[in-house]
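Engineer: turn this into a model:
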Amino acid sequence: MHSRKLISSLTLVILALVTAALACNLKRKGDDVTTTTTAVASANAPTIQFLTPALDGANYSRGQQVKFKVRAQGTATQPISRVELRAKGVQIDDQEADSPLATFDAIMFYSAQEQGTITLEAIAYTTNAQGVEVASQPAQRSINVLDPSSPDQGGGDDDSGDGGGPSGTPIVLQPTATTSPYCIATVLSSGLRFRAGPGTNYDQLTNPSNFQAGEQLFVLAYNNQGGTEYPLWWQVRVSSTGQTGWVAGSLVQTSGQTCGTIPFAQAPPPPTPQATGPDLIVLSISGDAEVQLDSDNTAQAEYRTRIKNTGDTTAQDVWVEITLPNGSTHWENVTSLASNAELDVPTTGPLAADFTQQGNFTIVVSIDPFDTVDEQEEANNSSVLPIRVNPPPQPQTQPDLVVQGVSGDPDLQLGVNGTVQAEYRIQIANIGDAAVQNFSVTLSLLSLGSPVYNPVVVVVQTSLAPNSELDIPVGDPLLIPFNQSGDFELRVDIDQANDVSEKDEENNSYSYPIGVDPSPQPQGCTAEIQGTVNVRTGPSTGYPAIDTTTTGSQYSVTGYNDQVDGLWYQINYGGEPAWVSGQLVQLQGDCSIIGFEDAPPLACEAVVQTDGTQVRNGPSTAYNQIGTVNTGTQLPITGYNDVISGGVRWYQVTYGGLSSWITSESVSIQGNCSAIGPIDVTPLPDDDDDVPPDDDDDVQPDDDDDIPLACAAVIQGALNVRTGPSTAYDIIDMANAGAQLPITGYNDVISGIRWYQVNFGGQPGWVSGEFVVTQGDCSALGPIDVEPPPSGDDDDDVPPGDDDDGGSVPIGDDDDNGASAPIVLVPLGIGNAGNLQPVATGIPTTTGAVNALAFSQDSILLAIAGSDAHLRVWNMNTDTEVVDLTPGGNITDVAFSPNGSLLAAGVGNEVVVWDAGGTELVRLDHGAQVNAVAFNATGTLLASGGGNASDVLEGRVQLWDTTTFDPITPDAGVEGEVTGVGFVENDSLLVVSSYELSRDCTTVGDGGMEQYLVSTGIPSKTFVENSGRVTDLALSPNRSFVAGTGQSELCAGNGVVWVWNAAGTIQNTFDHGVAQVNVSTFNQDGMLVVAGTQAGAVRVWNRNNNATALADLGMSSAVTAVAISPDGLLLVAGDANGNVQAWGVPQ
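Structural biologist: Below you'll find the predicted structure:
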């Protein structure tokens, strides 16, 4: 690089930048050709001159765009308003000054299309005091337009000829008038490079390296294949040295008698590119090119530049200077910038520029202003961003929106069915002095200040002129259903988000009172409900509740009963008899005609009075514990025994589908127990060795030794019965926990461990000795010889780690080789949740997240839905895959029908249904993304929930008949994308969870937890006590409780699980800390709530106690699915990495 003094460098840069800035202030017009306008001549007429091209006769190729720079000079009183460029008297370009200037530099363009010599004229204009344009005398500049590709001028695209074009004919140029007998090229500007070939990629020669303006060179040949920037090149000879080389054709002017016959010359091979150094350029200056001053005449904008090293070596120690409009300068040193690397300057962020006056300003960026970096090109180191600062806006008129009124019935009465609906319209007016467009109107129905339904938002997209009115909604009126009496308020809020700038924001709300009277009184005796009252199947609180009813509801009374639990009335409830407490109703009408009604039979039940009460497989503490139950648990009683425990009564109950025993000392009895009778039970052998210390008070005295007990095997968990003494033999059936099977012999040889031959339903069978407890006199038992299995090796056909003869999956069991002792699992309960241990399974890891898990009702099958488009069904008894279904898409949820005959899954916008064998039956079109599927308790209905194709912030629930797979109308539109569905209250209600915001928490919608009537699709209740963004929904097995997961605040706060009863009353909230809770489930008796978090935790809670989790388990990534088998033996979870983990409680 040539060294220059700092002052000279800066002066040149500033002059170049100011020139560029003035050029950028122009407002380009189109290139349409128009006829010229006339202007008057004047003594004060402006003047104009061509700056470039500097001389006449410059050569250009046809089609090339020619740039002309002109300078127009006016006066302070008559500044330049515009300039124009003409060719042959026709205007071809026109530039207007953004503001009046005494001196105006303009850049204009002409596309050279016509061959020959073209003379162009530039004219400047001012406007005098009378508003008349005054024109300058035209300035003229002539150019030569060449056409090397024309057939009659030679040239062409073929570079393999004999020194000419493809036809061999020389190029014919249009020479200027001259008397020289040679073709001479005159250099137009100093610094013209002398190169070794026709293109800028050729090396620059050294003797000389460049030429000065006015030097004349002998033209020897031409080449028109030099590239897009300089297509035409002349081969010339320097007379003083005899050196031959090439110059760009557009940078010289040719003249002479032989210029028309100059031959075509083939280009020499281009040089191999060499590293030539860095080349720094300004790629862009980012920031506002137009700034608006505020009312206080101030404004601020931010600016930043991006620079690039386009050279082929790294630039070191580069200074960048940014000059702001106020004259202040920011300097930044870039220590290193690699080849082709880019960098934003300042590196710490944009610079703030302050403006205090209107006008034209510039941001000037200079790279390497001290010329310390040796670059390939020095002329591209600067850039200018012109900035237009506009004056403050003039005061504007504003709209003013008000509610003029509401039309609709303010006085309603519920019908005999307890519902009524009415139509309403709202009159909106703009009383301001400016029009308004795109504003919103929010309509809310309130009762005692609380919302009854989710608000309806109407967006008005038409323009509302000043002093005009509009009815909302624009189309059909707003239809509001009511299902209870009372005083309501229809609240109207205009522009709740304050998107519209109005004169008065205080008049945007309006309330319209609506009164709803109760249904007309039925004929005869009626009961009016006083409060929130349970409706039951019989006249006492011991009967189950079938629904709840609220204050003001009226029902026909059909009878009474005052002999069971005080006074109760039998009512007509939806066409069926039901009962309500007489203390919670007020009778009306003639009630003298009602008579006494007998109470329906109440099933005999044991109501647990103590948390942690143990359930055993026999009627004394000497028998094995199989589970625990807590206060309030109701267990059906099937019999009793007073003998085994020495006079203490034990009740035989149904627990987890199995016959079990519980002591009378920990329960109270309710219902009709008159038909319950004693049950004979074979006593355990009088052997204190297996009785826990201090636990033999209820063991019968040793007075029956002379009556030997039969030898029996007591099953310790659901256990396979086989045709031979190892897992290699076929399965006959399964024996339930607690079953007592007579033992007829044993075999230790086949599998290496003892197996017992038992009497199973009148036929011989075999059970593993590891999963039974023997009782009675087994001294007479002897070995039984058995033929080995056909393979001769019992373990060859058993999968590793599989022992499907455990009634639950044994922990640490290694088939029959006795490597470690199997541990039998017992149902999960409050008393043993802290003992959960991992259970090994053969379920493979999927390639995507596990989206959902579901057990079949018999607890044998587990369905695993993955984002890898696979739905795997796994047999948990045999630990083998049953089927791998690939419905073709991301599987979001899965569910078995109650009887196990159907399997349904959400796949994209469809619900896919298979039969029990894995055969696809039907695809049901939901119309948008399906997030949740669920069967009702009878399996006759299937619900799908998810998105809504008409609105991304709304959801949709569709019901399907599982017999015909036809859709059932009406479907339910939900305010918020649906995340979960479930049937409650004898399948009459559907609980729906949804998002209040979009999935990424960026767009406002509505959501939460709601109940809908299955028969009509109308919302019946909104669950309170949630953040409005519920990510998952789970039901307890008896469908009496509902769990929802999410965060304590909308898209923020700690992860929580909310638990409500089926009526929508909050029961408990479980705080999981900072991690969002994704999924939840209940155990088999509904007393435990299990939740999975985004942080990978699996926590087990007592439903009635949120103080401390009973168990805190973990996975490798976010937990995305949880499930508990209906028999309570297995807790299974899936995570975002595709892992499935099982846990169980060992006996």
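Engineer: tell me which residues form a beta bridge with Leu120?
Structural biologist: Assessed by DSSP bridges, Leu120 has beta-bridge partners Ala87, Arg141.
Engineer: report pLDDT for it.
Structural biologist: Reported pLDDT at Leu120 in the predicted model: 90.
Engineer: again with the one 3 residues further on
Structural biologist: Residue-level confidence at Ile123 comes out at 94, pLDDT.
Engineer: again with Leu861
Structural biologist: In this model, Leu861 carries a pLDDT of 95.
Engineer: what about it, how many residues nearby?
Structural biologist: Residues contacting Leu861 under the criterion other C-beta atoms under 10 Å number 21. (Each C-beta comes from the backbone N, C-alpha and C, glycine too.)
Engineer: ok, it touching Arg872?
Structural biologist: No - between Leu861 and Arg872 there is no contact under C-beta atoms under 8 Å: 10.5 Å.
Engineer: mind splitting this protein into its structural domains?
Structural biologist: Following automatic domain parsing, the chain resolves into domains at 31-145, 147-269, 280-390, 401-513, 526-588, 605-683, 712-818, 834-1146.
Engineer: JSON lines please, covering those domains and showing distance to Gly595.
Structural biologist: Output for the domains of the chain, formatted as JSON lines (distance: least, C-beta to C-beta, whole Å):
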{"stretch": "domain 31-145", "distance to Gly595": "99"}
{"stretch": "domain 147-269", "distance to Gly595": "107"}
{"stretch": "domain 280-390", "distance to Gly595": "84"}
{"stretch": "domain 401-513", "distance to Gly595": "24"}
{"stretch": "domain 526-588", "distance to Gly595": "6"}
{"stretch": "domain 605-683", "distance to Gly595": "22"}
{"stretch": "domain 712-818", "distance to Gly595": "47"}
{"stretch": "domain 834-1146", "distance to Gly595": "28"}
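Engineer: below-threshold pLDDT in the stretch 51-200 of the chain: ranges please.
Structural biologist: 147-180 (pLDDT under 70).
Engineer: ok, now the stretch 651-800 of the chain?
Structural biologist: 656-657, 685-709, 717-718, 737-738, 761-762, 790-800.
Engineer: now the helices for it?
Structural biologist: Counting by DSSP state H, counting those that start in this stretch, one finds no helices in the stretch 651-800 of the chain.
Engineer: over to the chain?
Structural biologist: Ranges of helices in the chain, per DSSP state H, are 6-24.
Engineer: tell me which helix or strand of it sits lowest on mean pLDDT?
Structural biologist: The weakest-scoring helix or strand in the chain, judged by mean pLDDT, DSSP states H and E, is strand 27-28 (a mean of 35).
Engineer: what about the stretch 901-1050 of the chain, any weak spots by pLDDT?
Structural biologist: 950-953, 969-972, 996-1007, 1027.
Engineer: that older thread, most tightly surrounded among the domains of the chain?
Structural biologist: domain 834-1146 (a mean of 20; mean count of other C-beta atoms under 10 Å).
Engineer: straight-line length of that domain, end to end?
Structural biologist: 11 Å (C-alpha to C-alpha, to the nearest Å).
Engineer: now stretch 854-865
Structural biologist: 9 Å.
Engineer: got it, and stretch 462-481?
Structural biologist: 28 Å.
Engineer: what's the closest of the domains of the chain to Pro520?
Structural biologist: The closest of the domains of the chain to Pro520 is domain 401-513. By C-beta to C-beta, the value is 6.8 Å.
Engineer: quick one: mean pLDDT for that closest one?
Structural biologist: Domain 401-513 comes out at a mean pLDDT of 86.
Engineer: off-centre distance for that domain?
Structural biologist: Domain 401-513 sits 32 Å away from the centroid of its parent chain (C-alpha atoms, centre = their mean, to the nearest Å).
Engineer: just stretch 193-203 next, same as before
Structural biologist: 58 Å.
Engineer: who's in contact with that stretch?
Structural biologist: When contacts are defined by C-beta atoms under 8 Å, 6 or more residues apart in numbering, stretch 193-203 is touched by residues 204-205, 208-211, 223, 225-227, 229-230, 233, 235, 238, 243, 245-248, 265, 267-268, 270-271, 273.
Engineer: if you look at those residues, which of them are in strands?
Structural biologist: Asn210, Phe211, Asn223, Trp233, Gln235, Gly245, Trp246, Val247, Ala248 (DSSP state E).
Engineer: any idea how far the third one lies from Thr186?
Structural biologist: Here the criterion is C-beta to C-beta, to the nearest Å. By it, Asn223 lies 19 Å from Thr186.
Engineer: repeat for the last one
Structural biologist: Shown here: Ala248 relative to Thr186, a distance of 13 Å by C-beta to C-beta.
Engineer: what's the answer for the fourth one, then?
Structural biologist: Computed as C-beta to C-beta, the Trp233 to Thr186 distance reads 16 Å.
Engineer: what's the answer for Ala338, then?
Structural biologist: 43 Å.
Engineer: likewise Asp288?
Structural biologist: 47 Å.
Engineer: go on, Asp317?
Structural biologist: From Asp317 across to Thr186, the span is 42 Å (C-beta to C-beta).
Engineer: Gly524 now?
Structural biologist: Counting by C-beta to C-beta, the gap from Gly524 to Thr186 is 121 Å.
Engineer: got it, and Pro410?
Structural biologist: 97 Å.
Engineer: Val873 too?
Structural biologist: Taking C-beta to C-beta, one finds Val873 at 90 Å from Thr186.
Engineer: do the same with Leu385
Structural biologist: Taken as C-beta to C-beta, the span from Leu385 to Thr186 is 38 Å.
Engineer: likewise for Glu665?
Structural biologist: On the measure of C-beta to C-beta, Glu665 and Thr186 end up 123 Å apart.
Engineer: just the strands in the stretch 901-1050 of the chain please.
Structural biologist: 902-907, 910-915, 920-925, 930-935, 941-947, 955-961, 967-974, 978-984, 989-994, 1008-1013, 1019-1023, 1030-1035, 1041-1049 (DSSP state E, counting those that start in this stretch).
Engineer: so what sits opposite the nearest residue to Asp409 once chain neighbours are set aside in the bridge?
Structural biologist: The shortest distance from Asp409 to any non-neighbouring residue, by C-beta to C-beta, 6 or more residues apart in numbering, is to Ala422 (4.8 Å). Counting by DSSP bridges, Ala422 is bridged to Ile480.
Engineer: which residues touch Ala422?
Structural biologist: Counting by C-beta under 8 Å, 6+ apart, Ala422 touches Gly408, Asp409, Leu412, Leu479, Ile480, Phe482, Ile514.
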